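Student: One predicted model, sequence on top.
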Amino acid sequence: MAMINASQACHVLNITTTNGIWHSQNPLVESLPLLITQLAIVIFFARFLFFILKPLHQPLFVTDILGGAVIGPSLLGMRPYFSRLFPLTTVMTLETVAYMALDFYIFFVGLEMDIKFIRHADRRELGVAAAGIVIPMSTGIGLFFLTGRLLNLTIDTSGCLFWGLTLTVTGFPVVARILSKLKLVHSDIGRMAMSTAIINDFCSWILVAILLPTRTTSPENALYAITATTAFILICICIVRPALVKIFHQTSCIEKNNNCNNYNEYYLCYVLIGVVLCSFITDLCGTYSVIGAFVFGIIIPNKQLRSVVIERFQDFVSGIMLPLFFAICGMRINVHAVNNWLWAGLVVILLCVCKILTTYSVCFFTDLPSRDSFALGVLMNTKGILAVVVLNIGWDKKVLQVEEYTVMVVALVIMTSIVGPTISAMYKTSTRISKYEGRTIQCTKPNDELRILSCIHSIHNVSGMTNLLAISNATKNSPLSVFSLQLVELTGRASPMLIVHSSGKTSISMYGRSHNSDSNIIINAFENLETHNPVAFSVQSLTSLSPFITMHEDVCILAENKRVAFMILPFHKQAMLDDDVVLRDHASSDSSFHDVNMNILSNAPCSVGILVDRELKHPHRDSNVYRVAMLFIGGPDDREALAYAWRMSGQKLVDLKVVRFLSRYNVKENKKLSPEVKREIKLDNEYVQEFRLKTAREQHVSYSEKVVDNGEETVAELRAMDQNMFDLYVVGRQAMESPFTAGLVDWNDNCQEIGVIGDFLVSSSFVNGSVLVVQQYAGATASGDASVAWLNGSVFVHSVHNIEPL
């Protein structure tokens, strides 16, 4: 295939269709059938390469470029039969469709980028981003001239700026997707990489809009272009965006009364028209159409509309149309045109290591570990579509030759392709798991800090959660470190994100004013714990934006990174107190949060508690104390529940009553006990005995034993207990049935999530108190995958919860 940049072809500019094979015509001679065939070939190679390279964690950006290179002169384009499928006469049609797809894709890039996060970046992230712009820019300029000398090229000096800008770019969308696939978005390195990448990417767009016109036109025209583009951007920010805010606020959803998030089709049409119009205006101003598309994407104010637009159109644009753009890039790559790959390879290596070494050097002067510094450098070296856009502009302006273009594109592919495998190897699941012992309350020493992750679904969960923490006996010698995590569903194709809120600052508005107000209420409620008792509480507020299907992964990874010992989740239904105690669904997402809770219970790296809040208040309505009942049947979950109740009893405001259910049969009479069963019995007896000895002199702590043999007798004892009107019940999850709960499973429907006893307490009309259901971290017991536990002469199967890799 001839080089597109050096060849000319004359052809008729008619888009025609074929009369069909029945008229003895070759359908590939006509424009439209040939375009469809080319599109099918391009998509096939791109998706085929993505499939075979998927184990190496390669992003679509890499496989799309490789797919374009396959059909170019570097490989199949050299074959005569393949040249007939991509003749020079179709280049104009291909480029027209490709650049239209590019404008819409860049619009989606703007939609996914929230520049508000730039204001909340810390100095380290700003420093890394600044160094990642200045030093690679200078290095790229220097290497451009070095390449011209090593390869004996007649270079255009303006090309140095294109190399410098290309090396400066960090592809934020590509970084976000790589981190999301590797489940590192909510890790410390993931958050820093996301923040730094968005700063770098945004600054790169500014540099492209300002610097490139100065090298591709006369100084006078460049001044006009920059001035006109700046005026256009200001108009978009100051006039167009406020107008859009007002329009969407007034009439945003045509089925609002039906709680529908489907926008009127006219809105979507107007958005698409706006993309084309803004692209046309910036192209008319003398810069580039992608600038207008990017700006229009940023100023779209409504997050829900953004999600709908991305959900509707991104697959079509990025999956079907955009590969044509990379096909054009591939047709411009010609590895055979580079006469000395030894020197070119040296230049490629220097290009690849520049940003890694820059980032690592900057992080060396901070407290970031060496491994994280290197990983951050690799992530910042990720290139996105903006880098290819810059190179294509240089090609179209005849500033870059085929050798310079090819060397830089090869470097881009290598830079980005090594990111996934490198980060995956550095942060394997086994290495990401922190080596800390305090994964349970029972294993946490009395005078050690207890680290708790408190998850919030909505403002309905705040009161009960904060009141539970307030009675958890936080003291100067044994403080509570609380991480409040608001879980927000992320719709559409936006990247998952973890927002760390600074103390005393309002939250970032992500889904409108109402959501922003709810976030501030949640943040202030938890920060009040630290304000009222700063020596005993330390609070950090966070918001997790992720889809329901992966929300549990983000929660578990955060718990691992924060070395949490106990995680508290709200029950997926909201308990309401009227004349009777009933459970009512408070949101349409209840079933989704049920799935989230179940996934967390199966994968949690620490102990988990599920709180069913029934207006747990402070103090008790009739006295100045909380009345807490702990129901002990046996097993690791019950021991963990007793450990938490025991900790609460250290606070004088808590009146704790522990009730242990026993059978009248003697364990020693049964000779069929396995070693695992005996071990469970021994652990239960030892822990209960220790509790009784150490609380014997505590007037506000009482212990009693109830002899029962079946579920009916257990229910009778529970009914008798509630005459004391307990504020809170603490129980073990008890996933499987025991003799003491025989028959209760058939009465209830939430046993899987909160266990048999927990579900009975929640569903019973005579129990008015809140319920905390506790599951102990599986690693705290060595019983195996499933152990048979023996409770005072009666055998039942107790499930030990398996932990899957995060």
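Tutor: That came through, no problem.
Student: Only C-alpha atoms from now on, for both contacts and neighbour counts.
Tutor: Will do.
Student: Can you give me the domain assignment for the chain?
Tutor: With domains defined by automatic domain parsing, the chain comprises 4-426, 450-504+534-799.
Student: Point out the one among these that comes closest to Arg439.
Tutor: Closest to Arg439 of those is domain 450-504+534-799 (C-alpha to C-alpha; 4.2 Å).
Student: what sits against Leu569?
Tutor: The neighbours of Leu569, taking C-alpha atoms under 8 Å, 6 or more residues apart in numbering as the test, are Ser454, Cys455, Ile456, Asn597, Val608, Gly609, Ile610, Leu611.
Student: Now for the residues you listed: which two are most distant?
Tutor: Pairwise distances across those (C-alpha to C-alpha) peak at 14.0 Å, for the pair Ile456 and Val608.
Student: Tell me which of these two has more neighbours.
Tutor: Between Ile456 and Val608, counting by other C-alpha atoms under 10 Å, Val608 is the more crowded of the two (30 against 20).
Student: now the helices: where do they sit in the stretch 501-650 of the chain?
Tutor: For the stretch 501-650 of the chain, applying DSSP state H, counting those that start in this stretch gives helices covering 513-532, 548-561, 590-603, 636-649.
Student: Mean neighbour count, those: which tops it?
Tutor: For those, the largest average neighbour count (mean count of other C-alpha atoms under 10 Å) is found in helix 636-649, namely a mean of 24.
Student: Could you list the residues in contact with that one?
Tutor: For helix 636-649, contacts defined as C-alpha under 8 Å, 6+ apart pick out 440-442, 471-473, 607, 628, 630-632, 654-656, 680, 684, 687, 691, 700-701, 730-734, 773-776, 781.
Student: Give me the subset of these that lies in helices.
Tutor: Judged by DSSP state H, the subset of the contacts of helix 636-649 located in helices is Glu680, Asp684, Tyr687, Phe691.
Student: okay, those residues in JSON lines with pLDDT, neighbour count and distance to Tyr427 next?
Tutor: As requested, the ones in helices among the contacts of helix 636-649 are exported to JSON lines (pLDDT from 0 to 100; neighbours: other C-alpha atoms under 10 Å; distance: C-alpha to C-alpha, whole Å):
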{"residue": "Glu680", "pLDDT": "78", "neighbour count": "22", "distance to Tyr427": "36"}
{"residue": "Asp684", "pLDDT": "86", "neighbour count": "20", "distance to Tyr427": "38"}
{"residue": "Tyr687", "pLDDT": "92", "neighbour count": "15", "distance to Tyr427": "38"}
{"residue": "Phe691", "pLDDT": "92", "neighbour count": "16", "distance to Tyr427": "41"}
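Student: can you redo the residues you listed as TSV with distance to Val174?
Tutor: Below are the ones in helices among the contacts of helix 636-649 laid out as TSV (distance: C-alpha to C-alpha, whole Å):
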residue	distance to Val174
Glu680	50
Asp684	51
Tyr687	52
Phe691	54
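Student: tell me which element Ile135 falls in.
Tutor: Assigned by DSSP states H and E, Ile135 belongs to helix 123-150.
Student: CA atoms of the helix or strand following that helix as CSV?
Tutor: Next along the chain after helix 123-150, taking DSSP H and E as the criterion, comes helix 159-168. Only the C-alpha atoms of helix 159-168 are listed here, as CSV (Å, rounded to 0.1, in the frame of the first residue of the first chain):
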residue,chain,number,x,y,z
GLY,A,159,7.3,18.6,14.7
CYS,A,160,9.2,18.8,18.0
LEU,A,161,6.1,20.4,19.6
PHE,A,162,3.9,17.4,18.5
TRP,A,163,6.4,14.9,20.0
GLY,A,164,6.6,17.0,23.2
LEU,A,165,2.8,17.2,23.6
THR,A,166,2.3,13.5,22.8
LEU,A,167,4.8,12.6,25.5
THR,A,168,3.1,14.9,28.0
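Student: Other residues contacting helix 159-168?
Tutor: 132-134, 136-142, 144-145, 200, 204, 207-208, 212, 215, 351, 355, 386-388, 390-391, 394, 399-400, 408.
Student: And the next helix or strand after it, what's buried?
Tutor: As assigned by DSSP H and E, the chain's next helix or strand after helix 159-168 is helix 172-181. Buried residues in helix 172-181, counting neighbours by 16 or more other C-alpha atoms under 10 Å, are found at Phe172, Pro173, Val174, Val175, Ala176, Arg177, Ile178, Leu179, Ser180.
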